[in-house]
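> Kindly generate the corresponding structure for this input.
(one chain, ligands or ions: 2)
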Amino acid sequence: MKKTKGFIFDLDGVIVDTAKYHYLAWKQIADSLSIEFTHEHNELLKGVSRVRSLDIILELGNVQATQEQKDQWLVQKNEEYLSYLVNMDESELLPGVLPVLNYLKENQQLIALGSASKNARPILEKTGILSYFDAIVDGNDVSNAKPDPEVFLIAAKLLNVPASAAFVFEDSVAGIQAANIGNMTSIGIGDATILHEAHYNFKDFTCIGTPFLNELIQR
Ligand code: B16
Ligand code: MG
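Ligands and ions are numbered 1, 2, ... in the order given. So this is what the prediction gives:
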């Protein structure tokens, strides 16, 4: 008899590579304010909320703004970002994600989303994987951003699994820290030197074989 565990997936950078669209949308705001905003700067925004991302960009350019201006830029950025998502489909799923989701489902495991994004649901719908998720926790459901573990704690609660039976796939340092603080097992997806605080590291999902998944399931 298989044991049921909870597998919690971050979205941006784990399931889909939306960082490139976030970058293009933020770049438009930065350019309009004459703030230099490079791909390296974009790394600072991974896993970070929309509101905090704008503050980071304004800090980079040493730009002061009223709340009204900020609200306007946040709306403008999201409209631009959403325009890149219009044509999104399953081809934008990162390599190896679908086989892992299928394997977990075939083995009666529970799956949740734990993302800072407020655009998570439409992305899951467009990429055709919404039905895989037993629970979705996103930027609309949390008050504390990663590295606070709130997003993952809510996800585990909705899946009805204890933290000791929850495994978190994450591409951001703040997300790995959130999983660790929540006493969950963290699995870094991406650069192992950056995500060195993770319990396990994989370059991408094609490197995760069924023996590893079986070991987590049987634990
Ligand atoms: P939105 P994740 C995060 O998603 C992104 O990594 C981060 O770059 C973005 O600012 C944040 O979502 C908010 O996204 O503007 O769509 O609400 O990695 O936690 O899935
Ligand atoms: Mg991410």
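
> I'd like to know which elements the longest helix anywhere in the chain is packed against.
If you go by DSSP state H, the chain has its longest helix at helix 67-85. Using 3 or more CB pairs under 8 Å, 6 or more residues apart in numbering; DSSP states H and E as the contact test, the elements touching helix 67-85 are helix 19-32, helix 50-60, helix 120-126. (Glycine included, C-beta is placed from N, CA and C.)

> Quick check: what element follows it along the chain?
Next along the chain after helix 67-85, taking DSSP states H and E as the criterion, comes helix 97-106.

> What are the buried residues along that following helix?
97-98, 100-101, 103-104 (16 or more other CB atoms under 10 Å).

> Adding distance to residue 33 and pLDDT as columns, could you present these in JSON lines?
Listed next are these as JSON lines, based on distance: CB to CB, whole Å; pLDDT from 0 to 100:
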{"residue": "97", "distance to residue 33": "35", "pLDDT": "98"}
{"residue": "98", "distance to residue 33": "39", "pLDDT": "98"}
{"residue": "100", "distance to residue 33": "40", "pLDDT": "98"}
{"residue": "101", "distance to residue 33": "40", "pLDDT": "98"}
{"residue": "103", "distance to residue 33": "46", "pLDDT": "98"}
{"residue": "104", "distance to residue 33": "44", "pLDDT": "98"}
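
> Now do the same contact list for residue 20.
Residues near residue 20 by CB atoms under 8 Å, 6 or more residues apart in numbering: none.

> Just give the number of residues close to the residue of the chain found nearest ligand 2.
Residue of the chain nearest ligand 2, by CB to the ion: residue 13 (3.7 Å). Neighbours of residue 13 under the rule other CB atoms under 10 Å: 21.

> export the buried residues of helix 97-106 to CSV and tack on distance to ligand 2?
CSV is the format used below for the buried residues of helix 97-106 (distance: CB to the ion, whole Å):
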residue, distance to ligand 2
97, 13
98, 18
100, 16
101, 17
103, 22
104, 19
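
> Regarding residue 167, what is its secondary structure?
Following DSSP: H, G, I helix; E, B strand; the rest coil, we place residue 167 in the strand state.

> dump the residue contacts of the nearest residue to it once chain neighbours are set aside.
Computed as CB to CB, 6 or more residues apart in numbering, the closest residue to residue 167 that is not its neighbour in sequence is residue 185, at 4.8 Å. Residues near residue 185 by CB under 8 Å, 6+ apart: 166-168, 179, 199-200, 216.
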